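1. can't give you the sequence, but here's the structure:
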């Protein structure tokens, strides 16, 4: 069964450093998403991406965040200068059509020290 | 701004009995609702969905009920199994928007 994969599973970084979280969505999917879940809190939408551009983003997704689809398979989330409060599980998801069921990856746990 | 609410943080049931997980929403523009299950250290896994034109959708042991007038949906699991123990998230989306709005989750424990 096709699945969304994410690497690394755990990333530890120093405050102020840049991190790139990587995702490989399901191959025939067209819509891509990043969500995050701070420990003990709910899953929150960050950004959606379609047709090589951001289609929707939340207030959390400020100038420190960017997304890219550098090739036909990867979808990345970059945090330019990490803050302590960026520590969370980051989930990538993909879907094959608008407002359809989204398939989630296993998540990357980001720890900012 | 909690548009999707799961007011019970936890629920404990006996194996073989029914589990009922509840979810309320405030935004009447939501037209698609989903339930996800999440095990520790894993991403949410899609379980079942329902569109606003229906009031019930069934898939095996899982049934989702939607009451639009009350802005309420529920997930029924019958019979409950120990492997169903997980955190269950209710999520909603509205037409034209791609993002899912999640509730905080309900931790279900099914005791053998």
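-> Done, it's in. Please read these numbers as outputs of a predicted model, since none were measured by experiment. Residues are numbered from 1 along each chain as shown, chains lettered A, B, ... in the order given.
2. Checking the nearest residue to residue A:70 once chain neighbours are set aside next. Helix, strand or coil?
-> Leaving aside its chain neighbours, residue A:70 sits nearest to residue A:76 (6.6 Å; criterion: Cβ to Cβ, 6 or more residues apart in numbering or on different chains). Using the backbone N, CA and C atoms, a C-beta is placed for each residue, glycine as well. Secondary structure, DSSP: H, G, I helix; E, B strand; the rest coil: residue A:76 is strand.
3. Now for residue A:76, how many residues are close by?
-> Residues near residue A:76, counting by other Cβ atoms under 10 Å in any protein chain shown, number 15.
4. secondary structure class for the residue in chain B that chain A sits nearest to?
-> For chain B and chain A, the shortest gap (Cβ to the nearest Cβ) falls at residue B:43, measuring 3.7 Å. Under three-state DSSP, residue B:43 falls in the coil class.
5. again with residue A:70
-> coil.
6. Report pLDDT for it.
-> Note on residue A:70: pLDDT of 86.
7. quick one, phi/psi of it?
-> When quoted as degrees, to the nearest 10, the phi and psi of residue A:70 stand at phi -70, psi -20.
8. what's around it, how many residues?
-> Residue A:70: 9 neighbours (other Cβ under 10 Å).
9. before we move on, what about residue A:72?
-> With other Cβ under 10 Å as criterion, residue A:72 counts 6.
10. Against residue A:100, how distant is it?
-> 21 Å (Cβ to Cβ, to the nearest Å).
11. quick one on the thing from earlier: skip the chain neighbours and tell me the closest residue to the residue of chain B closest to chain A.
-> residue A:104 (3.7 Å).
12. Which positions in chain A make contact with chain B?
-> A:4, A:6, A:31, A:33, A:35, A:41-45, A:48, A:50, A:55-56, A:58, A:91, A:93, A:95, A:98-99, A:101-107 (Cβ under 8 Å from any Cβ of the partner chain).
13. helix or strand right after the strand or helix carrying residue B:33?
-> Using DSSP states H and E, residue B:33 falls within strand B:30-38. Next along the chain after strand B:30-38, taking DSSP H and E as the criterion, comes strand B:45-51.
14. Quick one: residues in contact with that following strand.
-> By Cβ atoms under 8 Å, 6 or more residues apart in numbering or on different chains, the residues outside strand B:45-51 that reach it are A:101-104, B:31-39, B:56-57, B:59, B:62-64, B:66, B:73, B:75, B:88.
15. Pass me the low-pLDDT residue ranges in the chain, would you?
-> By default, I'm working from chain A. A:98-99 (pLDDT under 70).
16. I was thinking of chain B, sorry if that wasn't clear
-> Along chain B, the parts satisfying pLDDT under 70 run over B:1, B:96.
17. what about 80?
-> Scanning chain B for pLDDT under 80 picks out B:1-2, B:41, B:95-98.
18. Bridging across strands, which residues link to the closest residue to residue B:30 other than its chain neighbours?
-> In space, and not counting its chain neighbours, residue B:30 is closest to residue B:92: 4.1 Å by Cβ to Cβ, 6+ apart. Counting by DSSP bridges, residue B:92 is bridged to residue B:33, residue B:101.
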